[in-house]
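J.: The following block contains a protein sequence and its predicted model.
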Amino acid sequence: MPNKSYTVKSGSFRRPDNTLVGQGDVVELPDDVADRFRNQLEVVVAEPPPAPANDGGRKPKVNPDA
């Protein structure tokens, strides 16, 4: 299962490349690690893509003789 993204609410974490992730930053963690630190993390929820503009459905056919 792929890692999920979490926002750090308190404390700090280290990424696999050993860079520091502080409060307010986003870190990717496996579920088991995130569960252990659930009080310090908040799941980043991907926003759904914006709905396409509704132009009223199908357009009427244009009569070429008009």
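T.: Thanks, I have it. Numbering: from 1, shown residues only.
J.: Only C-alpha atoms from now on, for both contacts and neighbour counts.
T.: Fine.
J.: Output the below-cut-off pLDDT ranges for this structure.
T.: Residue ranges of the chain with pLDDT under 70: 1, 47-60, 66.
J.: So which residues of it form strands?
T.: Assigned by DSSP state E, the chain shows strands spanning 4-8, 13-14, 20-21, 26-29, 41-43.
J.: Dump the ones you listed into a markdown table; add distance to Val62 as well.
T.: Shown next, in a markdown table, are the strands of the chain (distance: least, C-alpha to C-alpha, whole Å):
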| stretch | distance to Val62 |
| --- | --- |
| strand 4-8 | 50 |
| strand 13-14 | 62 |
| strand 20-21 | 59 |
| strand 26-29 | 52 |
| strand 41-43 | 51 |
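J.: Format those strands as JSON lines; extra columns: mean neighbour count and distance to Asp35.
T.: Listed next are the strands of the chain as JSON lines, based on neighbours: other C-alpha atoms under 10 Å; distance: least, C-alpha to C-alpha, whole Å:
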{"stretch": "strand 4-8", "mean neighbour count": "19", "distance to Asp35": "11"}
{"stretch": "strand 13-14", "mean neighbour count": "14", "distance to Asp35": "14"}
{"stretch": "strand 20-21", "mean neighbour count": "14", "distance to Asp35": "17"}
{"stretch": "strand 26-29", "mean neighbour count": "18", "distance to Asp35": "10"}
{"stretch": "strand 41-43", "mean neighbour count": "18", "distance to Asp35": "9"}
